[in-house]
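> next comes the sequence, and after it the predicted model I'd like to discuss.
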Amino acid sequence: MGKLALAAKVTHVPSIYLSEQDGPRKGTRQDAIDGLTEIGRRCREAGVDTIVVFDTHWLVNAGYHINCAPNFKGLYTSNELPHFISNMGFEFPGNPALGKLLAETANAFGVETLAHDATTLDPEYGTLVPMRYMNADRQFKVVSVSAMCTVHYLNDSARLGWAIRRAIEDKYDGTVAVLASGSLSHRFAQNGQAPDFAFRIWSPFLEQLDREVLRMWQAGEWKAFCGMLPEYAAKGHGEGFMHDTAMLLGALGWSDYDGRADLVTPYFAASGTGQVNAVFPVTPQDGAAIPAAQATAGAAPAGRL
């Protein structure tokens with residue numbers, strides 16, 4: 001059947017788009033752009049037809065949601081940072097059939113999920129920024145999944161990730177990549193201090209926490225990382241409560257995952273937050289064991305973290 005060919009944790013910081021513009025920030029995020037471009041190149045090399053993005057800028061208050069409209073086109077201005085992203089054009093095809101298949105399979109796994117194909121809802125910039133550099137030629141279809149989940153359990157997000165893998169490998173006729181689009185630590189600089197922290201992490205604690213997590217990813221210490229993810233999401237101010245990361249690790253096999261992360265763009269700071277582009281090799285997993293393993297992930301709804 002289908003194939004999950006690539007998995008990655010990617011940055012979407014709006015200063016990436018700002019660095020395209022003339023002015024003092026021009027060129028300052030070229031390393032992040034190069035990393036996203038390289039991940040796009042690897043997707044092409046792997047024969048990917050669709051990219052599924054776990055988007056931590058799509059906030060939802062009930063259920064999980066999949067935006068799988070046939071086409072996406074428009075101009076986007078960030079409501080959070082309109083001085084960073086303003087009137088950014090986007091256009092790429094969607095994949096309604098895959099989106100509905102993902103939702104159907106997630107519901108079969110007991111994770112309430114709705115697919116939206118007949119919708120005017122545009123993707124958020126957690127999807128739009130990576131696609132700008134990975135998919136400029138519109139080669140890839142795109143499906144966006146809500147990953148700023150305010151009252152959800154991390155274990156359900158991990159189970160959703162595994163259901164997505166099962167849908168791809170067992171039922172889909174094609175090749176897919178999944179992206180967790182979100183930061184590591186996500187403590188923005190205090191108001192009035194943003195310019196001073198444009199290229200700095202908010203605190204030494206958060207920087208050391210992020211760097212230890214990246215060491216664990218590169219060393220393949222997944223049991224330890226999955227065990228600490230709920231606390232990391234809380235104490236590290238994880239973006240979207242790190243539901244994107246739970247989805248990604250769920251798709252890879254959760255604590256049974258045995259790959260090692262490849263840091264395509266090394267750790268960097270943006271407005272106080274910690275960022276990276278990292279590719280995770282997709283390795284074979286025993287599907288029968290995954291749901292039980294995921295049931296131990298996370299002790300509280302993300303909204304209480």
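Here it is on my side, so go on.

> hey, let's count contacts and neighbours off CA atoms from now on
Fine.

> for the closest residue to residue 133 other than its chain neighbours, give its distance to residue 120.
Distances taken as Cα to Cα, 6 or more residues apart in numbering put residue 37 closest to residue 133, at 5.4 Å, once the chain neighbours are dropped. Residue 37 sits 28 Å away from residue 120, going by Cα to Cα, to the nearest Å.

> more neighbours: which of those two?
More neighbours surround residue 37 than the other of residue 37 and residue 120, with 19 against 11 (other Cα atoms under 10 Å).

> ok now whatever helix or strand that one lives in, how far from the chain's centre?
Here residue 37 sits within helix 30-45, counting by DSSP states H and E. Taking Cα atoms, centre = their mean, to the nearest Å, the mean C-alpha location of helix 30-45 is offset from the chain mean by 15 Å.

> I'd like the next helix or strand past that helix.
Downstream of helix 30-45, the first helix or strand assigned by DSSP H and E is strand 50-60.

> quick one: that next one to helix 30-45, angle?
For strand 50-60 against helix 30-45, the angle by axes from the mean of the first three to the mean of the last three Cα atoms, to 10 degrees is 130 degrees.

> gap between the nearest residue to residue 158 once chain neighbours are set aside and residue 180?
Excluding the flanking residues, the one nearest residue 158 by Cα to Cα, 6+ apart is residue 250, at 4.1 Å. Separation of residue 250 from residue 180 (Cα to Cα): 11 Å.

> and for residue 46?
Taken as Cα to Cα, the span from residue 46 to residue 180 is 18 Å.

> mind checking which of those two has more residues around it?
Each of residue 46 and residue 180 has its neighbours counted (other Cα under 10 Å); residue 180 has more, 29 against 16.

> so what touches the helix or strand containing that one?
Element membership for residue 180 (DSSP H and E) is strand 175-181. Strand 175-181 has contacts (Cα atoms under 8 Å, 6 or more residues apart in numbering) with 2-12, 43, 47-56, 126-127, 168, 244-245, 247-248.

> redo that, cut-off 7 Å
Strand 175-181 has contacts (Cα atoms under 7 Å, 6 or more residues apart in numbering) with 2-12, 47-56, 126, 244-245, 248.

> do the same with stretch 43-61
5-6, 124-127, 140-151, 174-182, 239-240, 244.

> try 8 Å
So stretch 43-61 is contacted by 5-6, 95, 123-127, 139-151, 174-182, 239-240, 242-244, 247 (Cα under 8 Å, 6+ apart).

> what do you get for stretch 196-213?
Contact with stretch 196-213 is made by 184-185, 187-189, 225, 236, 267-274, as judged by Cα under 8 Å, 6+ apart.

> do stretch 9-25 as well
26-30, 32-33, 36, 81, 84-85, 125-127, 129-130, 179-183, 245, 248, 270, 275-280.

> only C-alpha atoms, please: export that stretch in PDB.
The C-alpha coordinates for stretch 9-25 follow below in PDB (Å, rounded to 0.1, in the frame of the first residue of the first chain):
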ATOM      1  CA  LYS A   9      10.300  18.600  13.100                       C
ATOM      2  CA  VAL A  10      10.400  22.000  11.300                       C
ATOM      3  CA  THR A  11      10.500  25.700  12.200                       C
ATOM      4  CA  HIS A  12       8.000  28.200  11.000                       C
ATOM      5  CA  VAL A  13       9.200  31.400  12.700                       C
ATOM      6  CA  PRO A  14       7.800  34.500  10.900                       C
ATOM      7  CA  SER A  15      11.300  36.000  10.900                       C
ATOM      8  CA  ILE A  16      12.000  33.600   8.100                       C
ATOM      9  CA  TYR A  17       9.600  35.400   5.900                       C
ATOM     10  CA  LEU A  18      10.900  38.800   7.200                       C
ATOM     11  CA  SER A  19      14.400  37.800   6.200                       C
ATOM     12  CA  GLU A  20      13.300  37.800   2.600                       C
ATOM     13  CA  GLN A  21      12.400  41.500   2.800                       C
ATOM     14  CA  ASP A  22      14.700  44.400   2.300                       C
ATOM     15  CA  GLY A  23      15.800  45.900   5.600                       C
ATOM     16  CA  PRO A  24      18.000  45.100   8.600                       C
ATOM     17  CA  ARG A  25      16.700  41.500   9.000                       C
END
